[in-house]
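>>> Using only what follows, build the 3D model:
(one chain, ligands or ions: 1)
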Amino acid sequence: MVATSTNLSVPWNLTFANCECLGGWRTQSQQPTTNDAHQGGGTTFSHADWLGTERVRRLYNGAVCESISSLPFGDAQTTSGGCYHPSSLHFTGKERDSESGLDYFGARFDSSILGRFMSPDSPSYSNRKNPQSWNLYAYSLNNPVTFRDADGHKIDCTNNVQQCQQDAANSTGNAQAAARVTTETTKHGWWIFKWTETSIKITGDINSFRALSPNASKLADLVTSKDTISVSYDQYAKPSIWANGITLNGGSTSYTPSEGYDAQAFIDPNRTAGVTYDQDAVDQHIPEANTAEEWGHEVEGHIWGELFGGHPGMINGHASRANMRDSITGENAVRALDPARGQKAPEFHHNYNDKDTVP
Ligand SMILES: [Zn+2]
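Next comes the predicted model:
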């Protein structure tokens with residue numbers, strides 16, 4: 001059986017092989033694809049590169065029956081040999097549409113020939129700190145050798161990483177869970193641009209983490225989700241480079257896909273004396289939210305409520321009451337750590353009664 005072979009000689013057609021950042025090209029064996037047997041009458045084994053692009057197929061006896069080469073964006077794909085039937089899975093393991101020649105990436109089709117998507121990404125996916133994301137047609141930040149178009153799976157701290165980690169930890173409302181919240185930083189580079197990405201990580205077994213508290217469970221949902229959620233510590237909350245922003249004056253806000261933006265939270269840790277930033281708390285005679293409580297409100301509240309709670313923030317242009325209740329639940333779980341912080345009434349959000357039409 002050759003499915004575990006690690007020393008394949010793969011005829012790649014790439015001119016910039018052994019790029020330093022990757023430590024050279026590698027092959028990675030995949031599990032045998034026995035479903036092939038149902039389609040064409042013979043079992044073959046596929047071997048993909050680290051991005052998931054199929055490169056070699058072998059027969060049961062180890063003989064190479066097909067090899068596939070391409071340029072970095074998946075273009076100029078050539079196949080030599082043939083094993084029973086043509087594979088429809090090519091660039092990074094995505095399905096290539098036989099009529100259009102485009103690769104299907106779930107939300108969009110990518111043209112490997114043009115090296116870009118055929119439709120623009122939502123402007124909200126553009127991160128003003130990463131110039132490569134300004135091109136909404138770009139595939140994988142124009143760095144196809146290092147990244148594939150992953151679907152997310154993270155909460156990114158876009159600045160003030162220490163505060164971000166601390167608030168994420170405290171937002172769990174549980175000391176054991178808090179001790180297991182950490183961050184991981186990845187460095188990226190393209191041309192003259194260099195940037196780093198710091199994401200919230202949970203150490204140890206995720207199920208035991210979930211069991212520690214309701215907010216820990218919500219944090220685990222978000223850290224392991226297909227969506228990328230970004231958290232910024234800024235006075236000025238701007239959901240995309242095209243949208244207007246708002247000044248937070250010490251408070252916090254969040255944006256969600258139902259409002260037309262990528263999920264993101266903004267928390268302003270700078271309080272100006274005498275300025276009210278949490279009218280809900282003032283009205284209820286309890287202390288205004290601290291940054292961990294704001295994290296609970298925005299991230300485990302509004303954002304979790306939309307992505308996982310079945311309660312979109314906006315329905316037909318109106319804020320939904322259910323989503324606002326989620327935000328208070330998320331915040332109260334953090335307030336519960338200290339009785340002196342008080343609890344907000346579940347239906348006492350700043351705009352609970354002005355905008356909502358959805359119960
Ligand atoms: Zn809110």
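>>> Alpha carbons only: can I get the longest helix along the chain in PDB?
In terms of residue count, the longest helix belonging to the chain (DSSP state H) is helix 321-335. In PDB, the C-alpha atoms belonging to helix 321-335 read as follows (Å, rounded to 0.1, in the frame of the first residue of the first chain):
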ATOM      1  CA  ARG A 321     -35.000  42.500  20.100                       C
ATOM      2  CA  ALA A 322     -33.700  39.000  20.400                       C
ATOM      3  CA  ASN A 323     -30.200  40.000  19.400                       C
ATOM      4  CA  MET A 324     -30.300  42.900  21.900                       C
ATOM      5  CA  ARG A 325     -31.300  40.500  24.600                       C
ATOM      6  CA  ASP A 326     -28.300  38.300  23.600                       C
ATOM      7  CA  SER A 327     -26.100  41.300  24.200                       C
ATOM      8  CA  ILE A 328     -27.400  41.900  27.700                       C
ATOM      9  CA  THR A 329     -27.100  38.200  28.500                       C
ATOM     10  CA  GLY A 330     -23.500  38.200  27.300                       C
ATOM     11  CA  GLU A 331     -22.700  41.300  29.300                       C
ATOM     12  CA  ASN A 332     -24.500  40.200  32.500                       C
ATOM     13  CA  ALA A 333     -22.500  36.900  32.600                       C
ATOM     14  CA  VAL A 334     -19.400  39.000  33.000                       C
ATOM     15  CA  ARG A 335     -21.000  41.300  35.500                       C
END
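>>> residue ranges with poor pLDDT in the stretch 201-350 of the chain?
350 (pLDDT under 70).
>>> just the helices in it please.
For the stretch 201-350 of the chain, applying DSSP state H, counting those that start in this stretch gives helices covering 206-210, 214-223, 279-283, 291-297, 304-307, 321-335.
>>> To Val161, which of these lies closest?
helix 291-297 (13.5 Å; C-beta to C-beta). (C-beta placed from N, C-alpha, C; glycine too.)
>>> Next, the residues that contact that closest one from outside, please.
163, 166-168, 170-171, 173, 215, 231, 233, 251-252, 265, 267, 269, 289, 327-328, 330-335, 341 (C-beta atoms under 8 Å, 6 or more residues apart in numbering).
>>> hmm, 7 Å instead?
Identification of contacts with helix 291-297 by C-beta atoms under 7 Å, 6 or more residues apart in numbering yields 163, 167-168, 170-171, 215, 252, 267, 269, 289, 327, 330-331, 333-335.
>>> can I get the helices of the stretch 201-350 of the chain in CSV with mean neighbour count and distance to Thr158?
Listed next are the helices of the stretch 201-350 of the chain as CSV, based on neighbours: other C-beta atoms under 10 Å; distance: least, C-beta to C-beta, whole Å:
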stretch, mean neighbour count, distance to Thr158
helix 206-210, 15, 24
helix 214-223, 22, 15
helix 279-283, 15, 26
helix 291-297, 29, 14
helix 304-307, 24, 18
helix 321-335, 24, 20
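>>> Using TSV, lay out the ones you listed together with distance to Glu54.
Written out in TSV, the entries for the helices of the stretch 201-350 of the chain read as follows (distance: least, C-beta to C-beta, whole Å):
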stretch	distance to Glu54
helix 206-210	31
helix 214-223	30
helix 279-283	54
helix 291-297	42
helix 304-307	32
helix 321-335	42
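>>> wait, which of the ones you listed is closest to His188?
Comparison of these against His188 by C-beta to C-beta identifies helix 214-223 as nearest, at 19.8 Å.
>>> Give me the angle between the closest one and helix 321-335.
With axes from the mean of the first three to the mean of the last three C-alpha atoms, to 10 degrees defining the directions, helix 214-223 sits at 120 degrees from helix 321-335.
>>> and helix 214-223, what does it pack onto?
The contact analysis (3 or more C-beta pairs under 7 Å, 6 or more residues apart in numbering; DSSP states H and E) places helix 214-223 against strand 154-157, helix 161-171, strand 193-202, helix 206-210, helix 304-307, helix 321-335.
>>> Quick one: residues contacting the residue nearest to Ser199 when sequence neighbours are not counted.
Nearest non-adjacent residue to Ser199, counting by C-beta to C-beta, 6 or more residues apart in numbering: Lys154, 4.1 Å away. Lys154 sits next to Ser199, Val223, Thr228 when contact means C-beta under 7 Å, 6+ apart.
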